[in-house]
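> based on what follows, work out the 3D shape:
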Amino acid sequence: MCGILGTIGIRNDPRLKIDSLVHRGPDGTGSWSSVESEFPVTLGHTRLSILDLSKNADQPMLCMDDRFIFVFNGEIYNFIELKSYLEKLGNQFFTESDSEVFLRGLIQEGPSFQLRCNGMWSFCLWDRKLKKALFGRDRFGKKPFFYSILGKKELVFASEMKAITPFLASIEHSEKIDIHLRRLFDYEGSEECVIKGIKRLPPGHFAEFNDGDLKVSRWWNTLDHLEDVPKKYEDQVEKWREIFLDAVKIRMRSDVRIGTALSGGLDSSATFTGMAFLAGQNTSNVREASDWQHGFCAHYPGSSLDEVKWARLVTDSIGVPLKKVEIDPLETGWSISEAMNQVEDPYLTLPTPMLATYRAISKAGIKVTLDGHGADELFSGYGHLTHAFKDSGPKQSAELLAIIKSFESGTLNINHNHIHGRWLKQRLIEFLRTHASRARSLMNGVFSKTNWDLIRHKLEYADQQHSEFKNFDSLTKSLYEIFHVTILPTLLRNYDRYSMASGVEIRMPFMDHRLVSYTFSLPWTSKVGGGFSKRIMRDALKGILPEDIRTRRDKIGWNAPLHEWLRGQLKDEIETLLSNGNFPINIHNAWKELQLNSNANFYDGQKVWNLLMPIIWKESVFTS
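Have a look, this model is predicted:
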């Protein structure tokens, strides 16, 4: 896990500052530049050493008589198996790293080698002979890749936008910035960026840059990799469990200590206890980290958002202490403006608690965490369960409604009264949604592509027309969009910045492409039912998760206690910003109302933050 950056068509430019990404790779930096007699290229790398800690695995990495130069950010979890495969094809290896395996596989098979890889990545492979660059990004966009085309044959790329901005004539926001700020989940899955002149390589795509021509191609589509699932639910559960545990197992491969950011919820707890279960099996796992028993939980003493009691249930169940990270927003090392600049993109949540948690993890000597991201979007933790109404009868709808309400109450209370009206209402909503999609098809020649980009429904038109997508039930269609285009890509971006700000790599078992393809192949009744959301996951983890966690219904997202901080520790900083900045009168009034409201709750604080955030973000990014 590292930071990568480089220039194609430019050599040794002082604007290319490796130090701008050193937080992503604090264990070392390296660079390579072409000689004056060849096409000008410079590649840079900041290293976070996790597999093969020796200097042999440093990057940029050269191969095949120095013809190919490689910089890579990420991890290939199945590198041991891929190394054996490539050795049989005649390849020799000189390191114990996954980077060399990835490099030789790309040389051997080109961008299609990515289909063999289980992991997360972004990379640049420069071919000195053909004067061609190959760029690539993992299936779901866990690792970032930004670029800007500067001239006819010049391109700069990096893991973060801050490493590209020195090459821009001016730092300006996108023409669509107002739309992006209103619809924070709607652009991450595309090539659009909030800074004008910078683009991102979309998830599951690769690109070739040759003689000034950039050709972007899609190499992964989950719809092309669905499976025939067992007909019996019990068999579905067994297979899901098998894939999940193997996803955890290969993510435990590390030459350094690993841990988990625990929330006390189902997803991170499943990951942590999954490691404990595998460790207790005494099965051989080459390169598996034995020092993994480190569970960290953000702690807000006295707050309703605190989850320490739940996280302690998890660590107690396997007999290890919980490492509490008490969050004081004044002691994190970042002001609000600095935190916003660090994460680069606007988002609805104050980033301070996450930045502080991963900094504490780093200070504890942990470079890798296995976390629970992705499970909500596979099964829905955001209220999208209402989409299942279209494919359910009144009785099932009563259970669905009760499950949705239990996210807040923590208890299941199935009330069949008036459910028929709610069921008919949801049917009408789904009817209108379906016909809006058809209208898009019919009017495709009337509206330009640019106009269609403004529509809330962001799923690519080609995917909507895919035969497998058309066969999905309504819930799975909704989950497909939030997983691939809107919510999850945004969260993956955020957690990359939160963790890499302190040189910590997050691995995500729920993002294993085998588990994703399998789960999207299941009917909606395997994902929700029996009185629970995430049905098959809960059933698969019986005997692994503590029962109180496995059957927990209420859901608390990882957020800051904004209502308390804005009226307490952060009050002075916000008032200084308000006095110095160009804030509209309605924001000043909302701020005053919050200060006078002694009964303010989290949602009151969130409303005020939603007003403050766009202006603070613009100031932090475009004037710093």
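> now His362. Nearest residue, chain neighbours left out?
One correction, residue 362 is Ser, not His. Ser502 (4.0 Å; C-beta to C-beta, 6 or more residues apart in numbering). (Each C-beta comes from the backbone N, C-alpha and C, glycine too.)
> give me the phi and psi for Ala402.
Dihedral angles of Ala402 (phi, psi; degrees, to the nearest 10) stand at phi -70, psi -40.
> low-confidence stretches in this structure?
1, 283-285, 381-383, 393-395, 409-410, 415-458, 624 (pLDDT under 70).
> if I look at the residue nearest to Ser362, how far off is Leu350?
Distance of Ser502 to Leu350, computed by C-beta to C-beta, to the nearest Å: 17 Å.
> the two - which one has more neighbours?
For the pair Ser502 and Leu350, the greater number of neighbours falls to Leu350 (25 against 21), based on other C-beta atoms under 10 Å.
> Asp548 reaches Leu313, doesn't it?
Yes. Counting by C-beta atoms under 8 Å, Asp548 touches Leu313, with 5.7 Å between them.
> of the two, who's got more company?
A count of neighbours by other C-beta under 10 Å puts Leu313 above the other of Asp548 and Leu313, at 18 against 12.
> going by secondary structure, that one is in what exactly?
Here Leu313, judged by DSSP states H and E, is contained in helix 308-317.
> so which elements touch that helix?
helix 266-280, strand 295-299, strand 322-326, helix 547-550 (3 or more C-beta pairs under 8 Å, 6 or more residues apart in numbering; DSSP states H and E).
> of all these, which one is nearest Gly197?
Of all those, it is strand 295-299 that lies closest to Gly197, at 36.0 Å by C-beta to C-beta.
> quick one: the closest one to chain centroid distance?
20 Å (C-alpha atoms, centre = their mean, to the nearest Å).
> and it with helix 308-317, angle?
Counting by axes from the mean of the first three to the mean of the last three C-alpha atoms, to 10 degrees, strand 295-299 lies at 170 degrees to helix 308-317.
> now distance to Val368 too, for the helices and strands packed on helix 308-317, in TSV please.
As requested, the helices and strands packed on helix 308-317 are exported to TSV (distance: least, C-beta to C-beta, whole Å):
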stretch	distance to Val368
helix 266-280	12
strand 295-299	12
strand 322-326	15
helix 547-550	23
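> what residues of the helix holding Leu313 count as buried?
By neighbour count on 16 or more other C-beta atoms under 10 Å, the buried set for helix 308-317 is Val308, Trp310, Ala311, Arg312, Leu313, Val314, Thr315, Ser317.
> excluding covalently adjacent residues, which one is nearest to Tyr498?
Met354 (3.9 Å).
> the one you found in helix, strand or coil?
helix (DSSP: H, G, I helix; E, B strand; the rest coil).
> if I look at it, how far off is Leu562?
Applying C-beta to C-beta, the value for Met354 to Leu562 is 14 Å.
> and for Trp609?
5 Å.
> what sits in contact with each of these two?
Shared contacts of Trp609 and Leu562 (C-beta atoms under 8 Å, 6 or more residues apart in numbering): Leu350.
> show me which of those two is the more surrounded one.
Neighbours were tallied for Trp609 and for Leu562 using other C-beta under 10 Å; the higher tally belongs to Leu562 (26 against 23).
> which residues sit in contact with that one?
Leu350, Phe602, Gly605, Gln606, Val608, Trp609.
> could you confirm the first one falls within a helix?
No. Secondary structure assignment places Leu350 outside any helix; it is coil (three-state DSSP).
> that one contacts Asn610, correct?
No. Judged on C-beta under 8 Å, Leu350 makes no contact with Asn610 at a distance of 10.8 Å.
> excluding chain neighbours, give the residue nearest to Asn597 in space.
Nearest to Asn597 is Asp604, by C-beta to C-beta, 6+ apart, at 6.2 Å.
> what distance do you get for that neighbour to Asn610?
When Asp604 is compared with Asn610 (using C-beta to C-beta), they lie 11 Å apart.
> so between those two, which is more surrounded?
Applying other C-beta under 10 Å to Asp604 and Asn610 shows that Asp604 carries more neighbours, namely 18 against 14.
> host element of the more buried one?
helix 602-622.
> what are the buried residues along that helix?
602, 604-609, 611-622.
> now the helices for the stretch 101-250 of the chain?
177-182, 233-251 (DSSP state H, counting those that start in this stretch).
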